[in-house]
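> after the sequence you'll find the predicted model.
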Amino acid sequence: MIGVVGTVPDRDFPLVTGEASLKDNSIYIQGRNIPVNRGTPALLAATIKTAQVLEQDAPFGYLVGDVGLGHGSRRLYEYLSGHLGKRDFNVIVFHYLQPDVDWHNRVLFAVEEMERRPVLIADAGFMYAAKMSGQSPKYDLFTPDIGELAFLADEEAPHPFYTRGFILHEENRAPELIARAYKHKNAARCLLVKGKQDLVANKQGIIATVDIYVEEAMEAIGGTGDTLTGIVTALIGTGMEVAKAAIIAARVNRLAGSYAKPTPATQVMDIIQHIPTALAKILSENEKGELWAKQS
Amino acid sequence: MSFLGFLKSKKKKHKTLADPDRGILVFEHTSEVIKAESVLKKAGWKIRVMGPPPEIRSGCDLVIEIPLIEELNILRSLEEAGASPLEIVPVSSPLLQPVDLFQNKDFGKYLMIRAANMKLTIEKETETIVNISGGGCPDVPYLASKMVGMSLNEAPSPREIGHTLCGYALQLAYEEMRRR
């Protein structure tokens, strides 16, 4: 089963846990519904859609309300550190939580208590905490954008806000940043760098560049990075090798965007609706071997 | 001035090779830039927050451009407020020219303004915010949930409800959009 850990942008939303489903553009979990716009709800919606096509179980969500001040995140960290050790997941994705090194470490201890070690994915705030704790190599996949990659590559920065390139993106420096992140052990086993070109990398360097299905309007649409993380999570949930899943996910996310015929006003849910068709096409290409031929 | 006229005049300014009357303040942390900006604007100085020139590798993602002739007075104000910079660099060569934080993309019916990593898009006719993208800071989903679907005039300002550097960048995009 897949575990999804993250936040909902509503300060009054309580801590909820349970199987998540998608109905009428909303996530349903433990009797509550959450509109899908961006952030963890968008990640969850993309995971659910992908898992349905792959005939996998619905993901199990751990969600709490947080508007960026960390109150909800701290409650969720505490809950996870007490409960995660007894659960069984084959993959867990950690998403928009307020970075907190001490709590991050306690959650990681809980993961280490699990009978079966899950594949670990981190994105957004939780990825910052993983890097800040010096425990990045314990993760299987990070999904940074180019600014977040600059933070991973900066071995001295205690926080992203000290990092040159965190908000002033320098796309052309990606290979150098990836190498530096691995050199100082601040990267996961695999990186999926989201951007105009999506890059899949490991400690040897970039292993695939995905730049097909370019839609200008996608740049304006919020949540497309969240859906990419959601898709790759579900693919890894099937047991697929992490780098291969990252390449397929990048292609699926771009094709789903293209199928949506996006305008700058398109909302991310319109793209999520097209994930099943995009996934079917990309998986069919993969079976025929076309996918790997296109990467080489 | 027309929209195109504005773009042209801006382009001309970028061609300036060096501006010996201007200097840039370099800070270690972006929150210090935000604090210093607030102090200097309150004191009435004509300053601009910009990106650091590639030649300067120290400091964070933001610098403040200042009139160099007022350097001592400005430094005094910042010292009193506990917001002193790491260093002051005169814009003495093209390589020391600070970088504009803004980019815009005209999609016809829609206009997108990017300030650093944050992008704000409106429908031009109604001035409704149709999308906010970029940034993985913890307050970004909340900012988007409160602003998307609102008109530019009615939407809360990111400064009021945001808490991070992404919120600050979105504030810059929001102010630039309103200025137009």
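Thanks, I have the structure now. Fair warning: this is a prediction, and the values are worked out from it, not measured in the lab.
> quick check: longest helix of the chain.
No chain in the question, so chain A it is. helix A:242-259 (DSSP state H).
> other chain: chain B
Under DSSP H, chain B gives helix B:165-179 as its longest helix.
> what's in contact with it?
By C-beta atoms under 8 Å, 6 or more residues apart in numbering or on different chains, the residues outside helix B:165-179 that reach it are A:68, A:160-161, A:166-167, B:30-31, B:34, B:49, B:61, B:101-102, B:111, B:113-120, B:122, B:132, B:134-137, B:139-140, B:143, B:152, B:155, B:157-159, B:161-162. (Glycine included, C-beta is placed from N, CA and C.)
> just the buried ones from these?
Among the contacts of helix B:165-179, those scoring as buried are A:68, A:160-161, A:166-167, B:30-31, B:34, B:49, B:61, B:101, B:111, B:113-120, B:122, B:132, B:134-137, B:139-140, B:143, B:152, B:155, B:158, B:161-162 (criterion: 16 or more other C-beta atoms under 10 Å in any protein chain shown).
> among those, which are located in helices?
The subset of these that ends up in helices is B:30, B:31, B:34, B:140, B:143, B:158, B:161, with DSSP H as the criterion.
> flag the shaky bits of chain B, pLDDT-wise.
Within chain B, the segments meeting pLDDT under 70 span B:1-20.
> quick one: the nearest residue to residue A:245 once chain neighbours are set aside and residue A:228, what's the gap?
Spatial nearest neighbour of residue A:245, excluding adjacent residues (C-beta to C-beta, 6 or more residues apart in numbering or on different chains): residue A:235 at 3.8 Å. Counting by C-beta to C-beta, to the nearest Å, the gap between residue A:235 and residue A:228 amounts to 11 Å.
> just give the nearest non-adjacent residue to residue 32, would you?
Picked chain A for this. Leaving out its chain neighbours, residue A:32 is closest to residue A:16 (C-beta to C-beta, 6+ apart), at 6.0 Å.
> that's the wrong chain, I wanted chain B
Computed as C-beta to C-beta, 6+ apart, the closest residue to residue B:32 that is not its neighbour in sequence is residue B:83, at 5.7 Å.
> before we move on, the earlier item: can you name every helix or strand that the helix or strand harbouring the residue nearest to residue A:245 contacts?
Under the assignment given by DSSP states H and E, the secondary-structure element containing residue A:235 is helix A:224-237. In this structure, helix A:224-237 makes packing contacts with strand A:2-8, helix A:40-53, strand A:91-94, strand A:119-122, strand A:190-193, helix A:242-259, helix A:268-272, helix A:275-287, judged by 3 or more C-beta pairs under 8 Å, 6 or more residues apart in numbering or on different chains; DSSP states H and E.
> and with 7 Å instead?
When contacts are defined as 3 or more C-beta pairs under 7 Å, 6 or more residues apart in numbering or on different chains; DSSP states H and E, helix A:224-237 packs onto strand A:2-8, helix A:40-53, strand A:91-94, helix A:242-259, helix A:268-272.
> mind putting the ones you listed in CSV, mean neighbour count included?
Listed next are the helices and strands packed on helix A:224-237 as CSV, based on neighbours: other C-beta atoms under 10 Å in any protein chain shown:
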stretch, mean neighbour count
strand A:2-8, 28
helix A:40-53, 27
strand A:91-94, 28
helix A:242-259, 25
helix A:268-272, 25
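> generate JSON lines for those, with distance to residue B:94 and mean pLDDT as supplementary columns.
Rendered in JSON lines, the data for the helices and strands packed on helix A:224-237 read as follows (distance: least, C-beta to C-beta, whole Å; pLDDT from 0 to 100):
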{"stretch": "strand A:2-8", "distance to residue B:94": "44", "mean pLDDT": "97"}
{"stretch": "helix A:40-53", "distance to residue B:94": "42", "mean pLDDT": "97"}
{"stretch": "strand A:91-94", "distance to residue B:94": "44", "mean pLDDT": "98"}
{"stretch": "helix A:242-259", "distance to residue B:94": "38", "mean pLDDT": "97"}
{"stretch": "helix A:268-272", "distance to residue B:94": "41", "mean pLDDT": "97"}
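> ok, back up a step: any idea how far the longest helix of chain A is from the chain center?
Taking C-alpha atoms, centre = their mean, to the nearest Å, one finds the center of helix A:242-259 at 12 Å from the center of the full chain.
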